[in-house]
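> quick check, what structure comes out for this input:
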Amino acid sequence: MKIRSLIIDDEPLAIKVIENYLKELDNIQVVETFNNALDALNFLKDEKVDLIFLDINMPLLDGLSFIQVLEEKPAIIITSAHKEFAVETYELDVLDYLVKPISFPRFVKSINRAIRTLDGKKSIGFELHDRPHIFVKVDKKKLQKIFLDEILVVESLKDYLKINTLTNNYIIHQTLSSFTSQLPDNFIRIHRSYTISLDKVDVVEGNSLEIDGIRYTIGRTYIEEVKSKILKS
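Numbering: from 1, shown residues only. Presented below is the predicted three-dimensional model:
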């Protein structure tokens, strides 16, 4: 089943670029395109989509306001010529932020992230409450729930960790060893600086592997166990 998508952008050329990129891929269907967010908002009152490609600077209703007034929010990939809105959109829980001009490899990486996220949601069905998860302290008072099946890589930053997930990144104060010990068997340490999810590995080549388009080195003391587990997974 194809992912249903909208493209919202006031530049016809920008819409055409995304349409042409999607023609090279098999799993995204463009349901409709709009040159302003207000028309798209009216469309979504009667229709549902899985994914929206959204520009920010548009007439009538800008992209950020559009996100805020959506009653049911699909996955959203921002496509903008302006980098300065990235932090603000992060707080609106967008899936990705693509800066124009968008290269095809970067676009494909974003689509892969969307497919993983949306496939995960669809496969859960009514058992959302049963998904394995952990709570991590992301500041002095806030505990954040993270679903284990969304974790890609956990990276050591000295006394801190960066948890890279399908949708967001989180910084916590903990050692990699102690955090890895809390994770199930489908996670494995591959380096003194990295723990990864085995089922998110896309490519293994020599002493490195690739997850979500990013290459990670496998440490010499870990390589035999890592390759053995990957072959069994």
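
> from here on, just use CA atoms for contacts and neighbour counts.
Fine.

> low pLDDT regions in this structure?
Counting by pLDDT under 70, the chain contains low-confidence ranges at 1, 87-88, 90, 120-131, 233.

> may I ask you to name the longest helix in it?
Secondary structure of the chain per DSSP state H: the longest helix is helix 104-124.

> which helices and strands does that one pack with?
Packed against helix 104-124 by the contact rule (3 or more Cα pairs under 8 Å, 6 or more residues apart in numbering; DSSP states H and E) you find strand 75-80, strand 96-99.

> so which elements touch the first one?
The reference is to strand 75-80. Strand 75-80 packs on strand 51-54, strand 96-99, helix 104-124, going by 3+ Cα pairs under 8 Å, 6+ apart.

> can you do 10 Å?
Here strand 75-80 touches strand 3-8, helix 12-23, strand 51-54, helix 63-69, helix 86-90, strand 96-99, helix 104-124, going by 3 or more Cα pairs under 10 Å, 6 or more residues apart in numbering; DSSP states H and E.

> so which of these is the most surrounded?
strand 51-54 (a mean of 24; mean count of other Cα atoms under 10 Å).

> which other residues reach that strand?
By Cα atoms under 10 Å, 6 or more residues apart in numbering, the residues outside strand 51-54 that reach it are 3-10, 15, 18, 28-30, 33-34, 36-37, 40, 62-64, 66-67, 73-80, 94-98, 111, 114-115, 118.

> off-centre distance for it?
13 Å (Cα atoms, centre = their mean, to the nearest Å).

> same question for stretch 66-78.
15 Å.

> and the helices and strands packed on strand 75-80: which comes nearest Asp139?
The closest of these to Asp139 is helix 86-90. By Cα to Cα, the value is 16.7 Å.

> got the domain boundaries for the protein?
3-124, 133-232 (automatic domain parsing).

> list the contacts for Asp50?
If a contact means Cα under 10 Å, 6+ apart, then Asp50 has 2-6, 28-29, 73-76, 114-115, 118 as its contacts.

> from these, which is closest to Leu161?
Within the contacts of Asp50, the smallest distance to Leu161 is 24.3 Å, found for Ala114 (Cα to Cα).

> hmm, the closest one is touching Glu150, no?
No: using Cα atoms under 10 Å as the test, Ala114 is too far from Glu150 to be in contact (11.8 Å).

> which SS class is Asp46?
At Asp46 the chain is in coil, as set by DSSP: H, G, I helix; E, B strand; the rest coil.
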